[in-house]
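dropping the sequence and predicted coords here.
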Amino acid sequence: MPASQCSPGQLQCCQSLMPANQSPASSILAVLGIVVVPATTPVGLNCSPIPAIGPGTLQCNTISLCCTANGWNGIVSIDCVAVDLNT
């Protein structure tokens, strides 16, 4: 997915991407009391926002994702898809 199709607040740079029902994501979600449906929804772990500085200036040294739910201080982001920061 091109980064341009993701709103700036949803762009995340995460250490890992996995289904919500896979460890360690499932354990982290349980501790936080978060129920994800369906259980195979992709989640990012250890994320930080990617600031939208301008075209061609987006940077991430790990996994660039677009996630629709990011309210857990970077611990977990939910409903994520990989993005291409160069588009």
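Cool, got the structure.

CA atoms for contacts and neighbours, from now on please.
Will do.

just to be sure, Leu65 is in a helix?
No - going by DSSP: H, G, I helix; E, B strand; the rest coil, the assignment for Leu65 is strand, not a helix.

for it, give its distance to Leu45.
Separation of Leu65 from Leu45 (Cα to Cα, to the nearest Å): 11 Å.

next: Cys80.
From Cys80 to Leu45 the distance is 10 Å (Cα to Cα).

what touches both of those two?
Contact criterion Cα atoms under 8 Å, 6 or more residues apart in numbering; residues shared by Cys80 and Leu45: Leu17.

skip the chain neighbours and tell me the closest residue to Leu85.
Nearest residue to Leu85 in three dimensions, chain neighbours excluded: Ala3, at 5.2 Å (Cα to Cα, 6 or more residues apart in numbering).

who touches the one you found in this structure?
For Ala3, the contacting residues are 11, 66, 83-87, by Cα under 8 Å, 6+ apart.

so where do the helices sit in the protein?
All helices of the chain, identified by DSSP state H, fall at 25-32.

quick one: the strands in it?
Secondary structure of the chain by DSSP state E: the strands cover 11-19, 42-49, 63-69, 76-82.
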